[in-house]
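**Q** need the 3D shape of this:
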Amino acid sequence: MGLADGKVVALQTADGASPTSLITGGPIESSPYLDARYADANNVIYFTSTDGKLYARVSSNLSNKPAGWPLGDYDAGAPINTSPFITWDAVKYVFFGDDAGRLHKVSAADGTSAPGWPFQAGAAIKSSPVWVPGAVNYVYFGCDDGYIYALDADTGVRRTGWPVATGGPVRADIVIDPDNWRLVVGSGDGKTYVLEIAP
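**A** Numbers count the residues shown, from 1 in each chain. Below you'll find the model as predicted:
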């Protein structure tokens, strides 16, 4: 978990002891994402910090980077308050937004930005992105400009008819109802929006 002092700590569920930790350069306002389809000491955990960086570390020892990850981590150039979202295709990517209004798509393998990214939105992004794979293959996120965005996860091109306007900043995390092809999210206008996302 991340702390306001910039530290990421791992806690043992049995006794609450912390076997490993890491200090970042700023408070951590988001949740980490553990890339773990099966239990392994070398699973990779991804997390962001308000120091503007995306980090990748081996979950069993937060001092260790996964093979191929850059020396200085990925620097977005602006504070990050969103949690990362990792795709689960054969080639994995990390999506996250920053306070400069950019949605980033970064290779999970080597920490490099995907060609043509980041996407520039109209204001700070504090709503964590969510990826919907398959027939639609879009990434959705809310923005402080009051819009809910949908981008082609490959190209970064906006989906036709999007973004969708709300009456206030959208900072809540989006929930996807995959059975009914709907997106649900709250806005700063006090309303909850339910949007169709079917192919």
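
**Q** quickly find the element holding Leu22.
**A** In this assignment (DSSP states H and E), Leu22 forms part of strand 20-23.

**Q** which helices and strands does that strand pack with?
**A** Packed against strand 20-23 by the contact rule (3 or more CB pairs under 8 Å, 6 or more residues apart in numbering; DSSP states H and E) you find strand 7-10. Every residue, glycine included, has its C-beta placed from N, CA and C.

**Q** what's the strand it packs on packed up against?
**A** The contact analysis (3+ CB pairs under 8 Å, 6+ apart) places strand 7-10 against strand 20-23.

**Q** give me the sheet partners of the strand it packs on and which way each runs.
**A** strand 7-10 (antiparallel) (DSSP bridges).

**Q** same question for the strand it pairs with: list its buried residues.
**A** Using 16 or more other CB atoms under 10 Å as the test for burial, strand 7-10 gives 7-8, 10.

**Q** might you report the residue contacts of the residue nearest in space to the middle of the chain?
**A** In the chain, the centroid-proximal residue (CA atoms, centre = their mean) is Pro84; its distance is 2.2 Å. Residues near Pro84 by CB atoms under 8 Å, 6 or more residues apart in numbering: 30, 32-33, 46-48, 54, 94-96, 128.

**Q** now list the buried members of those.
**A** Counted by 16+ other CB under 10 Å, these give 30, 32-33, 46-48, 54, 94-96, 128 as buried.

**Q** export the residues you listed to JSON lines and tack on pLDDT and distance to Ile80?
**A** Shown next, in JSON lines, are the buried ones among the contacts of Pro84 (pLDDT from 0 to 100; distance: CB to CB, whole Å):
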{"residue": "Ser30", "pLDDT": "94", "distance to Ile80": "7"}
{"residue": "Pro32", "pLDDT": "93", "distance to Ile80": "12"}
{"residue": "Tyr33", "pLDDT": "92", "distance to Ile80": "13"}
{"residue": "Tyr46", "pLDDT": "96", "distance to Ile80": "11"}
{"residue": "Phe47", "pLDDT": "96", "distance to Ile80": "9"}
{"residue": "Thr48", "pLDDT": "97", "distance to Ile80": "4"}
{"residue": "Leu54", "pLDDT": "97", "distance to Ile80": "7"}
{"residue": "Val94", "pLDDT": "97", "distance to Ile80": "11"}
{"residue": "Phe95", "pLDDT": "98", "distance to Ile80": "12"}
{"residue": "Phe96", "pLDDT": "98", "distance to Ile80": "6"}
{"residue": "Ser128", "pLDDT": "97", "distance to Ile80": "10"}
